[in-house]
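Visitor: Below is the structure, and that's it, no one-letter string:
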Ligand SMILES: Nc1ncnc2c1ncn2[C@@H]1O[C@H](COP(=O)(O)OP(=O)(O)OP(=O)(O)O)[C@@H](O)[C@H]1O
């Protein structure tokens with residue numbers, strides 16, 4: 001097994017207005033192909049941790065290594081390129097561009113990466129949409145899709161650059177039961193195919209279906 005993500009002794013502080021520690025000595029690893037849930041009461045630090053792991057927030061103590069690369073101390077440009085190449089994000093709210101078609105939305109991160117030709121990118125995007133059962137909706141504007149369909153397009157978009165790791169922040173938080181089950185089974189299927197996934201969730205059923213649950217409490221990982 002190879003390690004995809006290593007978080008070592010992460011500490012994070014906020015000021016509100018006094019300095020307080022929101023993450024304390026967070027240390028864990030995620031192996032290739034693992035599907036991991038991060039759970040814990042509201043305010044325990046889950047989103048803050050995910051934000052650090054996503055490389056968006058660089059103000060922390062400790063070390064983050066992803067895909068064999070130490071990311072701590074890197075420049076913003078380096079991190080932006082790394083994110084685009086190695087990470088796929090699925091949020092509670094999909095953040096699709098409403099006037100753009102499903103296909104165009106899925107293509108965008110690949111166009112930014114600049115690794116493939118436009119034709120290749122379109123073919124790859126169609127393949128990702130087919131994979132999640134959305135090929136028939138490729139040309140529809142995102143604004144005309146249902147909430148569940150939009151979230152599936154967001155998953156296809158997260159997959160377009162074949163990310164080393166998919167990060168979800170409440171990926172089913174805004175969905176009804178049927179769509180939650182659908183999105184969960186897509187994640188489960190991706191994980192069975194070897195995709196590494198880490199997702200913050202409040203949904204006990206979602207967490208129970210993952211390979212491993214990391215529970216947080218007051219900024220700590222519960223041993
Ligand atoms: N920018 C900030 N400045 C000050 N305090 C913050 C900031 N962002 C978050 N916090 C505080 O840090 C703590 C952890 O917040 P975080 O959003 O990581 O929790 P969470 O576990 O993801 O919660 P939820 O499940 O409700 O989304 C909370 O006490 C929150 O109020």
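Guide: Yep, that arrived. Since we're looking at a predicted model, the values are computed, not measured.
Visitor: Would you mind listing what in the protein touches the ligand?
Guide: 14, 16, 22, 40, 42, 43, 44, 45, 46, 47, 48 (CB under 6 Å from any ligand atom). All C-beta spots, glycine's among them, are computed from the backbone N, C-alpha and C.
Visitor: ok, the most centrally placed residue in the chain - contacts?
Guide: The centroid of the chain falls nearest to residue 167 when counting by CA atoms, centre = their mean (1.7 Å). Taking CB atoms under 8 Å, 6 or more residues apart in numbering, we find residue 167 in contact with 50, 53, 54, 87, 88, 89, 90, 197, 198, 199.
Visitor: switch the cut-off to 6 Å
Guide: 54, 89, 198 (CB atoms under 6 Å, 6 or more residues apart in numbering).
Visitor: so which helix or strand takes in it?
Guide: Using DSSP states H and E, the element containing residue 167 is strand 165-169.
Visitor: Would you mind checking the average pLDDT for the longest helix seen in the chain?
Guide: Across the chain, the longest stretch assigned as helix under DSSP state H is helix 177-192. Helix 177-192 carries an average pLDDT of 92.
Visitor: hmm, who's touching that helix?
Guide: 35, 132, 148, 151, 155, 172, 197, 206.
Visitor: Inside strands: which ones of the contacts of residue 167?
Guide: 89, 198 (DSSP state E).
Visitor: for the residue nearest to the centre of the chain, which residues make a bridge with it?
Guide: residue 89, residue 198 (DSSP bridges).
Visitor: helix/strand/coil for residue 128?
Guide: helix (DSSP: H, G, I helix; E, B strand; the rest coil).
Visitor: That one reaches residue 156, doesn't it?
Guide: Yes - counting by CB atoms under 6 Å, residue 128 touches residue 156, with 4.1 Å between them.
Visitor: Looking at those two, which is more packed in?
Guide: residue 156 (28 against 24; other CB atoms under 10 Å).
Visitor: Looking at that one now. What's its pLDDT?
Guide: So, for residue 156, pLDDT stands at 94.
Visitor: right, and it touches residue 107 too?
Guide: No - taking contacts as CB under 6 Å, residue 156 lies outside contact range of residue 107: 9.9 Å.
Visitor: Which of the residues of the chain next to the ligand fall in strands?
Guide: Per DSSP E, the residues of the chain next to the ligand map to strands at 14, 22.
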